[in-house]
Each structure stands twice: as C-alpha cells, then as structure tokens.
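[1] what would the 3D arrangement of this be:
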Amino acid sequence: MQLEVYIDVLFFINFIMDLVLLIIVKRLRHQEGKITRLFLGSIAGAVLSCLVNIYFMSDILLYLLIGYGLTGFLMTMITFGVRNKRAFISNYLVLLITTFVLGGMVNSLYLNTQTRNYLNLMYQELLQGEKRTTTIVIITIITLLLFSFACMIWRQNRKKEEELYSVELYIEDEPILCKGLMDTGNSLRDPVSGKPVIVVDERLLEKEMNQLKELHPNRIRVIPFSSVGKHNGLLFGIRLKKIIISNSNDCICNHEVVAALSNQGFANREAYQVLLHTDLLGIIGGQESQMGK
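    Residues are numbered from 1 along each chain as shown. Modelled structure (predicted):
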C-alpha cells in the first residue's frame, strides 16, 4: 500500500498548529516575540515537519528526535531568541509540554467524537483534486484575517491592562492595596496645596474616613469639582501620608496626596478602585517626575 502525501496540505496544517503553539507559549511565558518572529518560527516548524514526514517516517527514533526535539528547538530560537539561556530553556520546555498536551487533546477529539468524519469529508470534498491549492489559499487567507482580528483585540485589551497600576494607599503605616486607572480627565487639585487629587471609591476608605473625622479632622479636605450635569460639586477627601504607584516597569512614591472619596461608583469597580491623576505618573509615564516631597 502506497501512502499518498499532499505536501501543501501537510505544510498548511503544521503551520497553523505551530502558530497556535507559539502563541500559547508566548502568553504563558509573557514573552515579547514579534508577529513576524511568530510567523517565521511557524514556517520553520512546518518545513521541518514536512521533511521529517517525507524522509524519516520509517525511523521512529529520528522521527521523534527531529520532529519534536530539533523542530521545537529551532522554533523557540527563531521566535524568542537565545540571549537569556534560562529563559530559552524554559520556553523550549513549555513548548514541548504544550505540544504534547495539545496533541493529546486533538487526538482525543479526533478519535472519540464525530470530528474525524467531518475532517474526512472536508478532506475529500475540498483538499483533493484540482481545486486543492485554491482551497488552501482561501483557508490560509481566512485564517490570517481571523488571526489579525484576534491580535487586534488582544492589543486593545493589553493597552487597557497597561493603563492599570498597582496602588498602595498609606493613611498611617499600613498600606491599603488596590488598583488604579490613569484618568486623563481627572484634573482635580487640592485648593490648599495645589497638589493633584486622586479619586477613590468611597467604600475603600469609608472606615478610615470616619476614624479621621474623630481623631484627625485636620486631615480631611473638601475638594470642589464640576462634571456633566453637576456644577460646583464638593467631594470630601483624606490627606494621605503617601501613595505608591507601580507597574511591571517602574515605581513612584508621592507624599501628602489627597484622596477624594466618590460615591458614584466606577464603570469597572472590580478592575480598579482609584482614578489616578496624570501628574502623579511622571516616572512611569516616561516624563519628568512630579513627586511630592
């Protein structure tokens, strides 16, 4: 019995699978591999897979060593680089583990469900005959468009995540941990000191506000504000001992910042509880620091 292999079909399937694997590794390991490197790594993996299936199908040892070991090594090197040896080894191992896990899931889905029948039908109808190449080109274009759309959504979500910061509010010596959103529309300032004011969900500091009213009323501030539908409004605030704002790249500390308490609630209360003032983010934003002294 002679085995008939369509090299273009084999390349296409391996390219898509390799691309999916590399994207998973990129997300799991939080790597900075560029889109072009992802594609180059996937192409290299697909080419090697085709060569292995053509020349080493009968030798199981070489098939495994080249098909998994060498192919994974080359894909990792092209996509993520080898500058950091420890990171390279970790990326390589995660790629191998992900390959086996995803391969097992696909095989289980193929053997234990109706997926096998659907794939065989698609193969007979679309991937055989004169229209095979045209069909592969169409499927490739659709896949790339879907992939580009997914990348666009991911970048938008990543941009939103990058606008969130870890925040530590210090009223005394113990920090209150929360998340802050950089709000370019926040232009509030303390009318006494002129320093920037952050806006905090009232529920976060409600207990501390009541205590300060009794023990340290001089730390209570009244902040005037204007918004859509409400002019000449007032917010009660607390003069913090300090506030520490940080992200994955940097950290900045500001002293004597006022936290105005809002009872209006934020659009995404679970994601963030503080609206930060842009003047407090000088170092993190890459601009000149405006740290309080």
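
[2] please count neighbours and contacts with C-alpha atoms only from this point.
    Fine.

[3] what about the closest residue to Asn247 other than its chain neighbours, neighbour count?
    Among residues not flanking Asn247 along the chain, Tyr165 sits closest, at 5.3 Å (CA to CA, 6 or more residues apart in numbering). Neighbour count of Tyr165, defined by other CA atoms under 10 Å: 23.

[4] got the residue ranges for the helices in the stretch 151-293 of the chain?
    202-215 (DSSP state H, counting those that start in this stretch).

[5] low-confidence stretches in it?
    151, 153-162, 227-230, 265, 267-269, 282-293 (pLDDT under 70).

[6] so how far is Ile16 from the residue nearest to Asn247?
    Separation of Tyr165 from Ile16 (CA to CA, to the nearest Å) stands at 35 Å.

[7] and Ala271, by the same measure?
    From Ala271 to Ile16 the distance is 34 Å (CA to CA).

[8] could you do Phe88 as well?
    22 Å.

[9] again, but for His30
    21 Å.

[10] between those two, who's got more neighbours?
    Each of His30 and Ile16 has its neighbours counted (other CA under 10 Å); Ile16 has more, 17 against 9.

[11] name the SS class of the closest residue to that one other than its chain neighbours, please.
    Excluding its sequence neighbours, the residue lying closest to Ile16 (CA to CA, 6+ apart) is Ser42, at 7.5 Å. Recorded secondary structure, Ser42: helix (DSSP: H, G, I helix; E, B strand; the rest coil).

[12] residues in contact with the residue lying closest to Leu96 once chain neighbours are set aside?
    Computed as CA to CA, 6+ apart, the closest residue to Leu96 that is not its neighbour in sequence is Gly72, at 6.8 Å. Listed by CA atoms under 8 Å, 6 or more residues apart in numbering, the contact set of Gly72 reads Gly45, Tyr92, Leu95, Leu96.

[13] quick check: which element contains the first one?
    It stands for Gly45. helix 35-55 (DSSP states H and E).

[14] now do the buried residues in that helix.
    Neighbour counts over helix 35-55 (16 or more other CA atoms under 10 Å) mark 37-52 as buried.

[15] just the buried positions in the longest strand along the chain, please.
    Longest strand in the chain, counting residues (DSSP state E): strand 230-239. Applying a neighbour-count criterion of 16+ other CA under 10 Å, the buried positions in strand 230-239 are Phe236, Gly237, Ile238, Arg239.

[16] what separation is there between the third one and Ile244?
    I take that to be Ile238. From Ile238 to Ile244 the distance is 16 Å (CA to CA).

[17] can you give me the neighbour number for the residue nearest to Phe236 when sequence neighbours are not counted?
    Among residues not flanking Phe236 along the chain, Val222 sits closest, at 4.7 Å (CA to CA, 6+ apart). Counted by other CA under 10 Å, the residues lying close to Val222 total 16.

[18] domain ranges for this protein, per the record?
    For the chain, the TED database gives the domain ranges 7-159, 164-281.

[19] hey, where'd the strands end up in this protein?
    164-170, 175-182, 197-201, 220-227, 230-239, 242-246, 251-255, 258-262, 274-276.

[20] ok, Asp18 touching Ala46?
    Yes - judged on CA atoms under 8 Å, Asp18 makes contact with Ala46 at a distance of 7.1 Å.

[21] low-confidence ranges, the stretch 1-150 of the chain, go.
    In the stretch 1-150 of the chain, residues with pLDDT under 70: 1-6, 8-9, 32-33, 106-140, 143-144, 147, 150.

[22] switch to 50 and redo it
    Confidence mapping of the stretch 1-150 of the chain against pLDDT under 50 gives the ranges 1.

[23] which residues sit in contact with the nearest residue to Lys213 once chain neighbours are set aside?
    Leaving out its chain neighbours, the residue that sits closest to Lys213 by CA to CA, 6+ apart is Ile220, at 7.0 Å. Ile220 makes contacts with Leu212, Lys213, Phe236, Gly237, Ile238, Arg239, as judged by CA under 8 Å, 6+ apart.

[24] mind doing that once more with 7 Å?
    By CA atoms under 7 Å, 6 or more residues apart in numbering, the contact set of Ile220 is Lys213, Gly237, Ile238, Arg239.
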